[in-house]
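*Asks:* Pasting the sequence and the predicted model now:
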Amino acid sequence: MQTALRTSLPETELASHANFAPQARVAREERPVHVSGLPLTIRGLRKSYGDNEVLRGIDLHIPAGQFVAIVGKSGCGKSTLLRLIAGLEKIDAGSISFGDAAVQPEDIRVMFQEPRLLPWARVLSNVEVGLGRDRSSGDAHARAEKTLTEVGLTDKRDQWPSVLSGGQKQRVALARALVSHPRVLAFDEPLGALDALTRISMQRLLERVWRDQGFTAILVTHDVAEAVALADRVLVIDEGRIAHDVMVNTARPRERGSAELAALEGSILSHLLSAEDRT
Amino acid sequence: MSLIDSISFPRSFRLPRVDGLVQWIVPLGIIAVWQVASVTGFVPTRVLPAPSDVALAGWKLLLSGELIRNIWVSFWRASIGFLIGGSIGFAFGLANGLSQLSAKLTDTTLQMVRNVPHLALIPLVILWFGIDESAKLFLVALGVFFPIYLNTLHGIRTVDPQLIEMGRIYGMSDGELFRRVIFPGALPSIFVGIRFALGIMWLTLIVAETIAASSGLGYMAMQAREFMLIDVVVLSILIYALLGKLADSASRVLERLTLSWHPAFQKR
């Protein structure tokens, strides 16, 4: 109900922008230009490792194209939830579905904290890995190059990953995840290992590609400021359950450190800290 | 910018050349000191002939064709033995690195065999094969097998599991995963195995040829000992040193070509 209200509002705004500024990059629209994402419905999701029950019944609906951030203290199960969504682990009980569409493996991509680039492949070939089954098709080079341009690394196409900086490696990893035009993109603390400045520029890049491509974004992070800066909605996970579901209604582009975001960040942090106190 | 350019250009241009010469200063110095010591009579020529005498002996053998023939025979044995033992070791390394079943089945046995010094098998090998070519090939292959087996196995087992997971996520088939992730990841370790194996290859060949052979460098050295031709004995030893260095350089070149992605092999 709440989400339906939200998404309807920016879309009208988007329409008015489209009239005046057809150029996506120039327009300062809030929502993705076109939504290519898949909706995500999770029902009664459970997962245990041995005796340790990590997820204890997650029920969640994410509308197509929404940017969701998942926060929580370490070991709360947020990364496990992401790995289950990405299909990296087996589900114990419950279900995860992506609307009615038939989902291809290329539709769902993950980006990790480590870039996980192949050290023995040049930057461009690393991006081509992301094409999945289309890797050997004739336009693989062209598609990879186009995506590399989107993350601003065209001039590094023939470099080895070992000569890139941490931020550049992560941008190559982003290009690899984007090249197949995924409809759900899951981020597992993708910026956790970066320095503060690189992190801010990467956050802007993530927001921009999300807006341009309109995939459904799920970002696991320990940084609440990052969550409120990027996401439409912040989920707080505690002891394997969704403890809080907070909408971030601030207009985009968001001003980092604004009073509105700071207040929201403070209230989410107090949720997290009260969870901390109980244990 | 221009200043930095003018400084860094001649440096990066000259360094490799200087490096190439530097490594030969010590061997050449030793030969020079040795020559002086022999000429002045400080080292009696019955103990150690002068380098010039060794070179002369080499020249004579070269003219008679004996030297080339023996080097060729030894080189042929070394490479065939290396190819046989190396490929079997590589195959077992792959199988045991990729398949738990295969590892459980054969690893214990191989580890037991590994702990037998392969040169201890010489008496048995002579009984089996006589002083035939196959005796030498068998010993070289056996010696070469283990370093390549162990390092291939180690290389495959230590490939970053995060990269393998990445490959799976991006839909790589088993073959593609092997070709694009596992094999390149194991390659540095395989090269360590190859270089170990090259050392063992020469060692085994020398011992085998010294004990049981009718041709080859080791045989040439033993014949020379019979006739007290100490210059030929020293010549054989020097040729072994050169061949060993040659094999090592060849593997280095191969390493540099295939591991150019590795930070350790990148030109600065």
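*Replies:* Yes, it's here.
*Asks:* drop to CA atoms for contacts and neighbour counts, all remaining ones
*Replies:* OK.
*Asks:* tally of neighbours for residue 246?
*Replies:* Unless you meant another one, I'm taking chain A. 17 (other C-alpha atoms under 10 Å in any protein chain shown).
*Asks:* Actually, chain B is the one I wanted.
*Replies:* B:L246, neighbours per other C-alpha under 10 Å, totals 12.
*Asks:* Which helix or strand contains it?
*Replies:* helix B:230-258 (DSSP states H and E).
*Asks:* So that helix, near chain A or not?
*Replies:* No - using C-alpha under 8 Å from any C-alpha of the partner chain, helix B:230-258 stays clear of chain A, with a minimum separation of 9.2 Å.
*Asks:* Give me the helices and strands touching that helix, please.
*Replies:* Identification of packing neighbours for helix B:230-258 by 3 or more C-alpha pairs under 8 Å, 6 or more residues apart in numbering or on different chains; DSSP states H and E yields helix B:51-64, helix B:183-211, helix B:217-226.
*Asks:* Can you show me the strands along the stretch 51-200 of chain A?
*Replies:* In the stretch 51-200 of chain A, the strands defined using DSSP state E, counting those that start in this stretch lie at A:52-62, A:67-71, A:93-97, A:108-111, A:184-188.
*Asks:* who wins for proximity to B:P147 among the ones you listed?
*Replies:* strand A:108-111 (38.0 Å; C-alpha to C-alpha).
*Asks:* Next, the buried residues of the helix holding B:L246.
*Replies:* Neighbour-count burial for helix B:230-258, counted by 16 or more other C-alpha atoms under 10 Å in any protein chain shown, picks out B:I230, B:D231, B:V232, B:V233, B:V234, B:L235, B:S236, B:Y240, B:G244, B:D248, B:S251, B:E255.
*Asks:* Likewise for stretch A:129-138?
*Replies:* Judged by neighbour count using 16+ other C-alpha under 10 Å, the buried positions of stretch A:129-138 are A:V129, A:G130, A:L131, A:G132, A:R135.
*Asks:* With stretch A:201-210 instead?
*Replies:* Per 16+ other C-alpha under 10 Å, stretch A:201-210 contains these buried residues: A:M202, A:Q203, A:L205, A:L206, A:E207, A:R208, A:V209, A:W210.
*Asks:* just curious, which of those is nearest to A:A263?
*Replies:* Nearest to A:A263 among the buried residues of stretch A:201-210 is A:Q203, at 19.9 Å by C-alpha to C-alpha.
*Asks:* what sits against the closest one?
*Replies:* Contact criterion C-alpha atoms under 8 Å, 6 or more residues apart in numbering or on different chains gives A:E226, A:L230 as the residues in contact with A:Q203.
*Asks:* That one and B:V192: what is the separation?
*Replies:* 42 Å (C-alpha to C-alpha, to the nearest Å).
*Asks:* what does A:H141 give?
*Replies:* The separation that A:H141 has from B:V192, given C-alpha to C-alpha, amounts to 34 Å.
*Asks:* just A:D134 next, same as before
*Replies:* Distance, A:D134 to B:V192, using C-alpha to C-alpha: 36 Å.
*Asks:* For chain A, what lies in contact range of chain B?
*Replies:* A:88, A:105-106, A:109, A:116-121, A:129-133, A:160, A:162-163.
*Asks:* Which of those fall in helices?
*Replies:* Residues of the residues of chain A next to chain B located in helices (DSSP state H): A:V129.
*Asks:* of all the residues in the stretch 151-268 of chain B, which ones are close to chain A?
*Replies:* B:162-163, B:166, B:169-172, B:181, B:184-185, B:259, B:261-263.
*Asks:* Mind doing that once more with 6 Å?
*Replies:* B:L163, B:Y170, B:G171, B:W261 (C-alpha under 6 Å from any C-alpha of the partner chain).
*Asks:* Farthest-apart pair in these, please.
*Replies:* B:G171 and B:W261 (23.7 Å).
*Asks:* And the residues of chain A next to chain B, which of them are buried?
*Replies:* A:105-106, A:109, A:116-121, A:129-132, A:160, A:162.
*Asks:* residue ranges with poor pLDDT in chain A?
*Replies:* A:1-33, A:276, A:278-279 (pLDDT under 70).
*Asks:* For stretch B:224-231, output the C-alpha coordinates as PDB.
*Replies:* Output in PDB follows, covering the C-alpha atoms of stretch B:224-231 (Å, rounded to 0.1, in the frame of the first residue of the first chain):
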ATOM      1  CA  ALA B 224      87.700 -40.100 -19.400                       C
ATOM      2  CA  ARG B 225      88.200 -41.000 -15.800                       C
ATOM      3  CA  GLU B 226      89.400 -44.500 -16.900                       C
ATOM      4  CA  PHE B 227      92.100 -42.900 -19.100                       C
ATOM      5  CA  MET B 228      92.900 -40.200 -16.500                       C
ATOM      6  CA  LEU B 229      91.700 -37.500 -18.900                       C
ATOM      7  CA  ILE B 230      90.900 -35.000 -16.200                       C
ATOM      8  CA  ASP B 231      90.300 -32.100 -18.700                       C
END
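*Asks:* Tell me which residues are up against it.
*Replies:* Stretch B:224-231 has contacts (C-alpha atoms under 6 Å, 6 or more residues apart in numbering or on different chains) with B:P49, B:V54.
*Asks:* Give me the buried positions along it.
*Replies:* B:A224, B:L229, B:I230, B:D231.
*Asks:* Please report how far the first one lies from chain A.
*Replies:* Meaning B:A224. 50 Å (C-alpha to the nearest C-alpha, to the nearest Å).
*Asks:* what about that residue, distance to A:A175?
*Replies:* For B:A224 relative to A:A175 (C-alpha to C-alpha), the value is 68 Å.
*Asks:* Keeping just the C-alphas, turn stretch A:166-182 into CSV.
*Replies:* C-alpha atoms of stretch A:166-182 as CSV (Å, rounded to 0.1, in the frame of the first residue of the first chain):
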residue,chain,number,x,y,z
GLY,A,166,40.8,-0.6,-5.6
GLY,A,167,38.1,1.7,-6.9
GLN,A,168,38.9,1.0,-10.5
LYS,A,169,38.8,-2.8,-9.9
GLN,A,170,35.4,-2.4,-8.3
ARG,A,171,34.2,-0.4,-11.3
VAL,A,172,35.4,-3.2,-13.6
ALA,A,173,33.4,-5.6,-11.4
LEU,A,174,30.4,-3.3,-11.7
ALA,A,175,30.8,-3.3,-15.5
ARG,A,176,31.0,-7.1,-15.5
ALA,A,177,27.7,-7.3,-13.5
LEU,A,178,26.0,-4.7,-15.7
VAL,A,179,27.1,-6.0,-19.2
SER,A,180,24.3,-8.6,-19.4
HIS,A,181,21.7,-5.9,-18.5
PRO,A,182,20.6,-7.7,-15.3
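*Asks:* Let me know the secondary structure of B:S214.
*Replies:* Secondary structure for B:S214, judged by DSSP: H, G, I helix; E, B strand; the rest coil, is coil.
*Asks:* Read off the pLDDT value for B:A250.
*Replies:* On pLDDT, B:A250 comes in at 88.
*Asks:* hmm, back to that, now the helices and strands packed on helix B:230-258 as CSV including distance to B:T152?
*Replies:* Shown next, in CSV, are the helices and strands packed on helix B:230-258 (distance: least, C-alpha to C-alpha, whole Å):
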stretch, distance to B:T152
helix B:51-64, 40
helix B:183-211, 5
helix B:217-226, 31
